[in-house]
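Asker: need a 3D model of the following:
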Amino acid sequence: MSETLSTRQQALAIADLAAERKAQDITIIDIAERSSVADYFIICTGRSHIQVDAICARIEEGMRDRSAKRPLSTEGLENGLWALLDYGDIVVHVFQQQFRALYDLERLWGQSPRWNYEDGSAKKTASGSQ
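Answerer: Residues are numbered from 1 along each chain as shown. Purely as a prediction, here's the structure:
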């Protein structure tokens, strides 16, 4: 059964779903004040192409169940090195480690508020620090 979730609650739900598939270094970045692209970026790491696929599949399945939302578009799933799930207000980036370091989205959005997701909760970190 789906429920109405705020955008922030959806972002936290996505982080929960990624964690269920053992995503590493889950970061939620609030870009609402700095961009019209989305309100939140969620960035996480998978250790292999199989794990990147599994994280994305769990997020898609869980969001359908929790809020009846489906991604507006997906990119990168065919190679498993990185993937993007676009939910409109929330954009999810799932990278293998070397590609996360290459794109370095945390640095690009360094002045935006962010939360590191650890053990089922999101803990705010100072803007620009990790």
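Asker: residue 102 in helix, strand or coil?
Answerer: In terms of secondary structure, residue 102 is helix; the call rests on DSSP: H, G, I helix; E, B strand; the rest coil.
Asker: gap between it and residue 73?
Answerer: With distances defined as C-beta to C-beta, to the nearest Å, the gap from residue 102 to residue 73 amounts to 22 Å. For glycine as for every other residue, the C-beta is placed from the backbone atoms N, C-alpha and C.
Asker: OK, contacts around residue 74?
Answerer: 56, 83-86 (C-beta atoms under 8 Å, 6 or more residues apart in numbering).
Asker: recalculate using a threshold of 10 Å.
Answerer: For residue 74, the residues meeting the contact criterion (C-beta atoms under 10 Å, 6 or more residues apart in numbering) are 56, 60, 83-86, 92.
Asker: now swap in residue 88 and tell me
Answerer: Residues in contact with residue 88 (C-beta under 10 Å, 6+ apart) are 7, 10, 37-39, 69, 71-73.
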